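Trainee: What would the 3D arrangement of this be:
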Amino acid sequence: MFFMGTYTPKIDEKGRLFLPAKFRDRLAEGLVITPGQEKCLVVWPQDVFMKEAERAQATPMTNRDARDYARQLFANAEQTTPDKQGRIGIPAHLRGYASLNRDIVVIGVMDRLEIWDPERWAEYSSGAAEKFADLDERPVAPV
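Mentor: I've put the predicted structure just below:
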């Protein structure tokens with residue numbers, strides 16, 4: 001199952017987010033929330049996070065970028081399971097990192113979700129839309 005689409009749920013006063021209903025089954029077994037690039041949060045299904053962790057572990061720790069990535073990914077990660085109503089708590093340190101308040105944007109990005117501050121998403125999205133419109137046939141480097 002690919003995650004796709006854009007949703008605008010709210011974070012409640014206790015820092016909880018109702019996951020979009022169509023994603024709840026995929027995330028029911030557990031998930032990991034981490035900081036993402038561009039100051040968003042990434043919600044990984046637990047099995048996908050484990051693959052990312054293996055990829056990070058396979059990179060030599062003599063590489064400074066690899067060490068920096070691993071530190072940011074793991075030191076700030078939060079493992080959780082949605083409650084029976086499909087809510088997850090987002091810790092204060094992660095909400096602060098992504099500047100999240102009540103209003104948020106949740107986007108599906110293939111194997112993960114991203115949680116954005118609406119203003120930051122609008123700014124990023126408009127710039128990315130321009131780049132998308134100008135894409136040509138150059139090969140895209142695999143991730």
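
Trainee: what about the residue nearest to Pro60 when sequence neighbours are not counted, which helix or strand?
Mentor: Leaving out its chain neighbours, the residue that sits closest to Pro60 by Cβ to Cβ, 6 or more residues apart in numbering is Ala66, at 6.4 Å. The C-beta positions use only the backbone N, C-alpha and C, and glycine is treated the same way. Per DSSP states H and E, Ala66 falls inside helix 64-75.

Trainee: what about the residue nearest the centre of the chain, which SS state?
Mentor: When Cα atoms, centre = their mean is applied to the chain, the residue found nearest the centroid is Val42 (1.3 Å). The assignment at Val42 comes out as strand when based on DSSP: H, G, I helix; E, B strand; the rest coil.

Trainee: residue contacts, it?
Mentor: Val42 makes contact with 33-36, 112-115 under the criterion Cβ atoms under 8 Å, 6 or more residues apart in numbering.

Trainee: make it 7 Å
Mentor: 34, 36, 112, 114 (Cβ atoms under 7 Å, 6 or more residues apart in numbering).

Trainee: I figured the third one hits Phe3, correct?
Mentor: So that's Arg112. Yes: the criterion here is Cβ atoms under 7 Å, and Arg112 meets it with Phe3 at 6.4 Å.

Trainee: Which stretches in this structure count as strands?
Mentor: 6-7, 16-18, 31-35, 41-45, 78-80, 87-89, 105-109, 112-116 (DSSP state E).

Trainee: TSV for those, including mean pLDDT and distance to Ser126?
Mentor: Written out in TSV, the entries for the strands of the chain read as follows (pLDDT from 0 to 100; distance: least, Cβ to Cβ, whole Å):
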stretch	mean pLDDT	distance to Ser126
strand 6-7	97	14
strand 16-18	97	24
strand 31-35	97	23
strand 41-45	98	20
strand 78-80	97	30
strand 87-89	97	28
strand 105-109	97	13
strand 112-116	98	13
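
Trainee: Now render those as a markdown table, adding distance to Gln72.
Mentor: Shown next, in a markdown table, are those (distance: least, Cβ to Cβ, whole Å):
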| stretch | distance to Gln72 |
| --- | --- |
| strand 6-7 | 25 |
| strand 16-18 | 21 |
| strand 31-35 | 6 |
| strand 41-45 | 11 |
| strand 78-80 | 13 |
| strand 87-89 | 20 |
| strand 105-109 | 18 |
| strand 112-116 | 15 |
